[in-house]
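[1] quick one, structure for this:
(one chain, ligands or ions: 1)
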Amino acid sequence: MKWTTQRTRGLVVAGVVGTGTLFLAAVGPVARAGDLDLPAQEKTLENGLKIVVLEDHSIPNCAINIWWRVGSRNEHVGATGLAHFFEHMMFMGGAKYGDQFDVVMESQGGSNNAFTTFDNTTYQDWFPTTGLPLILDMERDRMSGMVFSTEKVEHEREVVHSEYRGDMEDPGARLNELFRATAYTSHPYQWDVLGWEADIKNWKQSDLEEFYTANYAPNNATLVLVGDVKAAEAFAEIEKALGAIPRKAERRPIHTIEPEQKGERRVVLEDANASLPQALCGWHICKTDDPDFPVLEVIEDILLDGESSRLNQALVEAEGLCLGVGGGWQGHQFDASLFTVELTMRDGLDTATGERRAYEEIAKLAKDGPTDRELRRVKNKNRAEFVRRLQTIDGKAAILGETDLFFGGWKNLSKRIERIEAVTADDVKRVTAKVFTQANRTVATLVNPTKTLHGPAKAAGGHEDADEDDEDGEDDEMPEGAKKPGGEGR
Ligand SMILES: [Zn+2]
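    Here you go, the predicted model:
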C-alpha cells in the first residue's frame, strides 16, 4: 500500500517461502518462449473445483496454491473490506482446526501465506509431501464452512481495523484512497482492498455469512499443486478430500463497467504531517486479458522500471525534481484497470513541475516510440523475471494459478512471454498515445498547507537528504494491491 513504492507488478514469486531453504531447484540455461510451458495436467471436479497438478521431483516437497476468484471487486458499499477480512478468518474459522491452523501446519514442517487483491484471494501452503493428506484435510475444513462466533468476528474485526489505521498513518496511503475514489465513479475498484473504515467498524455477522456463502464456493476456485507427487495419485487424494464439498449457485456477474472518463479530474489532499509533496497521476487502461496489456507492460518498463527508465533518468537523475518516481499497471485485473505515475517531489518543489515533465516524457514516447535498445532490454528483463519465477515449486504454483485466472487458462503460460516479445515500437506509440490523454487522467496531489511550494528555479542548490522509500520494490512478494496478514497474527 505504499503508493510511492513502485510495485514489481505481478511478475514476482507470489508468497513468502516460510523458513524453508528447501525450495530452490536447479534450472538450466534460459529457455526460449515455447520451453516455458509447464507439463501440468488439469481436472475439474463435479463440484466445479478446478485442479492443476504439476509433477516436480526436484525436492520431496509440495506447494499448494488455492486461487479464489474473490476480491474486493466482489464487495458492495456498506460491506467493503470483507474479502480481506476473510483472508484473516480462513486461518481461524474452520470447524475442525479453528485457530490451530498454523500450529498444525507447522507441526508437519509446513508453512503458509495468503494475500488479497481487488480480484482474488490466494492461499499458499508449502510442506513435505508426506503431509499431503493432512494439508488437504485442513483445506477441506476451511472450504466447508466457517464458525462465526461473535468472539472470533470481533477479535478479527479489531485486527483488520488496526491494520487499516496503521496503513493510513502514511499520507501516501490516504492519497491513494482518495485517488481511487476519484478515478472510479462506479466500479468496485473505487475502494481499497482494506475497505472503508466505517464499513470495517460496522459489518454485521449476516454480511459475513452472506459473503462467504456467495463467494467461497469450489466452483470459484483453482487449486494448483506442484511437487513431488504422481499426478494420478494427487488428483485422487484431492478428489477424496474436497470432492464432497457442494457446488454453490453461480454468482451474479459483476456487470458494472466504469464509464469512459471524459475530462481530467483533480483532487488535493492537505495534510500538515506530509513531509514531501506528492502527485499520483492515473489513466484508465484495459483489463489483463486484453491484447494491449502486454504493450502496457512494456510501457511501464520503459517509463518506470529501474534506474535506466525514462522518468527516473529525467526527473530524478538529470533534473533532480523528484526524489522518487513509481507506479505502473495496477496488478492483474478482471475488469478495466489503471496505470499510475507517482511522483515524490523534492522538498519545497510544487507537484506541477514534476507533472509537466512527466507528461512531456510520455508525449515523447508516444511521438518517437522506444529505441531498439530499450525494447530489447525490456523484453530480456521480462523473460528473465519469468524464468526466475519458474525456479521454485512455489513460483510455479503461483504463476500457474495467476495465468489460469487472468490469462484465459494456465496453458497460456508461454503465450504471455510471446505476447511481450511481439510488442513493436509502433505498438508502444499507438497505446501510449491512446491511453495517456489529459481527458483520461486523474491526478491526486498531496500538499502540506503549512509549507510554501515553488517552481524549479528556486530549488537549485536546495538541501536534500530525504529518505524516500525504496524505489523499485524488487523484493515485493505480493502482487500489486495485495494485502497480506500483518504481524499481529492473522
Ligand atoms: Zn490483513
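[2] near the ion, which residues of the stretch 101-250 of the chain show up?
    Glu163 (C-beta under 5 Å from the ion). Where you see a C-beta, it was placed from the backbone N, CA and C, and this is true even at glycine.
[3] in the stretch 151-300 of the chain, which spans are strands?
    Applying DSSP state E, counting those that start in this stretch to the stretch 151-300 of the chain gives strands spanning 221-227, 265-270, 278-284.
[4] I meant to write the stretch 1-150 of the chain there.
    41-44, 50-55, 61-68, 111-116, 121-128.
[5] the second one pairs with which strands?
    On the basis of DSSP bridges, the sheet neighbours of strand 50-55 come out as strand 41-44 (antiparallel), strand 221-227 (parallel).
[6] how far off centre is the longest one?
    Translated: strand 221-227. Centroid separation for strand 221-227 versus its chain: 19 Å, with C-alpha atoms, centre = their mean, to the nearest Å.
[7] how is the chain divided into domains?
    33-242, 265-459 (automatic domain parsing).
[8] format these as CSV; extra columns: mean neighbour count and distance to Pro259.
    Listed next are those as CSV, based on neighbours: other C-beta atoms under 10 Å; distance: least, C-beta to C-beta, whole Å:
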stretch, mean neighbour count, distance to Pro259
domain 33-242, 19, 6
domain 265-459, 19, 10
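[9] could you save these as CSV and add columns showing mean pLDDT?
    CSV is the format used below for the domains of the chain (pLDDT from 0 to 100):
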stretch, mean pLDDT
domain 33-242, 96
domain 265-459, 95
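[10] nearest to Arg252, out of those domains?
    domain 33-242 (8.9 Å; C-beta to C-beta).
[11] could you look up the SS state of the residue nearest to Val378 when sequence neighbours are not counted?
    Nearest non-adjacent residue to Val378, counting by C-beta to C-beta, 6 or more residues apart in numbering: Asp301, 4.1 Å away. Recorded secondary structure, Asp301: helix (DSSP: H, G, I helix; E, B strand; the rest coil).
[12] show me the contacts for Asp301.
    309, 377-378, 381-382 (C-beta atoms under 8 Å, 6 or more residues apart in numbering).
[13] so which of those residues are in helices?
    377-378, 381-382 (DSSP state H).
[14] now, which of those sits nearest the ion?
    Asn382 (30.0 Å; C-beta to the ion).
[15] which residues does the closest one contact?
    Counting by C-beta under 8 Å, 6+ apart, Asn382 has contacts 11, 297, 301, 417, 420.
[16] returning to that earlier point: could you dump the domains of the chain to JSON lines with distance to Ala249?
    Formatted as JSON lines, the domains of the chain follow (distance: least, C-beta to C-beta, whole Å):
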{"stretch": "domain 33-242", "distance to Ala249": "8"}
{"stretch": "domain 265-459", "distance to Ala249": "19"}
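[17] looking at these, which is nearest to Arg251?
    domain 33-242 (5.7 Å).
[18] for Glu260, which non-adjacent residue is closest in space?
    His284 (7.7 Å).
[19] show me what the one you found is bridged to.
    For His284, the beta-bridge partners are Leu338 (DSSP bridges).
[20] I figured it hits Leu338, correct?
    Yes: here His284 lies in contact with Leu338, judged by C-beta atoms under 8 Å, at a distance of 6.1 Å.
[21] can you list the strands of the stretch 151-300 of the chain in JSON lines and add distance to Glu233?
    Formatted as JSON lines, those follow (distance: least, C-beta to C-beta, whole Å):
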{"stretch": "strand 221-227", "distance to Glu233": "11"}
{"stretch": "strand 265-270", "distance to Glu233": "56"}
{"stretch": "strand 278-284", "distance to Glu233": "47"}
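[22] can you tell which of those strands is closest to Glu197?
    Across the strands of the stretch 151-300 of the chain, closest to Glu197 is strand 265-270 (C-beta to C-beta), at 15.7 Å.
[23] can you spell out which helices and strands pack onto the closest one?
    The contact analysis (3 or more C-beta pairs under 8 Å, 6 or more residues apart in numbering; DSSP states H and E) places strand 265-270 against helix 171-183, strand 441-447.
[24] follow-up on the earlier one: so for Ile254, which of the domains of the chain sits nearest?
    domain 33-242 (6.2 Å).
[25] off-centre distance for the helix or strand harbouring Glu385?
    Taking DSSP states H and E as the definition, Glu385 sits inside helix 372-389. Relative to its chain's centre, helix 372-389 lies at 20 Å (C-alpha atoms, centre = their mean).
[26] can you check stretch 332-347 too?
    Per C-alpha atoms, centre = their mean, the centroid offset for stretch 332-347 relative to its chain is 12 Å.
[27] measure that stretch end to end?
    Start to finish, the residues bounding stretch 332-347 are 34 Å apart (C-alpha to C-alpha, to the nearest Å).
[28] doesn't Ile417 belong to a helix?
    Yes: using three-state DSSP, the assignment for Ile417 is a helix.
[29] test my guess that Pro370 contacts Val428.
    Yes: when contacts are counted by C-beta under 8 Å, Pro370 is listed as touching Val428 (5.3 Å).
[30] next, show the common contact partners of the two.
    In contact with both Pro370 and Val428: 298, 302, using C-beta under 8 Å, 6+ apart.
[31] got the contact list for His57?
    Asp228.
[32] swap in Ala366?
    429, 432-433, 436.
[33] now it: which helix or strand?
    Assigned by DSSP H and E, Ala366 falls in helix 351-368.
[34] from the stretch 151-300 of the chain, which residue is nearest to the ion?
    Counting by C-beta to the ion, the stretch 151-300 of the chain gets nearest the ion through Glu163, at 4.9 Å.
[35] coming back round to it: joint contacts of His284 and Leu338?
    What both His284 and Leu338 touch, as defined by C-beta under 8 Å, 6+ apart, is the set Ala183.
[36] got phi/psi on Asp404?
    phi -60, psi -40 (degrees, to the nearest 10).
[37] any idea how far the nearest residue to it once chain neighbours are set aside is from the ion?
    Excluding the flanking residues, the one nearest Asp404 by C-beta to C-beta, 6+ apart is Trp410, at 4.2 Å. As judged by C-beta to the ion, to the nearest Å, Trp410 and the ion stand 27 Å apart.
[38] does Arg140 really touch Leu242, like I thought?
    Yes: with contacts counted by C-beta under 8 Å, Arg140 reaches Leu242, the gap being 5.6 Å.
[39] for Gly110, give me its contacts.
    18, 125-128, 131, 135.
[40] got the CA positions of stretch 91-102 in CSV?
    Provided in CSV are the C-alpha atoms of stretch 91-102 (Å, rounded to 0.1, in the frame of the first residue of the first chain):
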residue,chain,number,x,y,z
PHE,A,91,-6.9,-19.1,9.3
MET,A,92,-9.1,-19.3,12.4
GLY,A,93,-12.7,-20.1,11.4
GLY,A,94,-12.8,-23.8,10.3
ALA,A,95,-14.9,-26.1,12.4
LYS,A,96,-12.1,-28.7,13.0
TYR,A,97,-8.8,-26.8,13.1
GLY,A,98,-10.1,-23.4,14.1
ASP,A,99,-7.3,-21.1,15.2
GLN,A,100,-4.9,-24.0,15.4
PHE,A,101,-4.5,-23.9,11.6
ASP,A,102,-0.9,-22.6,11.7
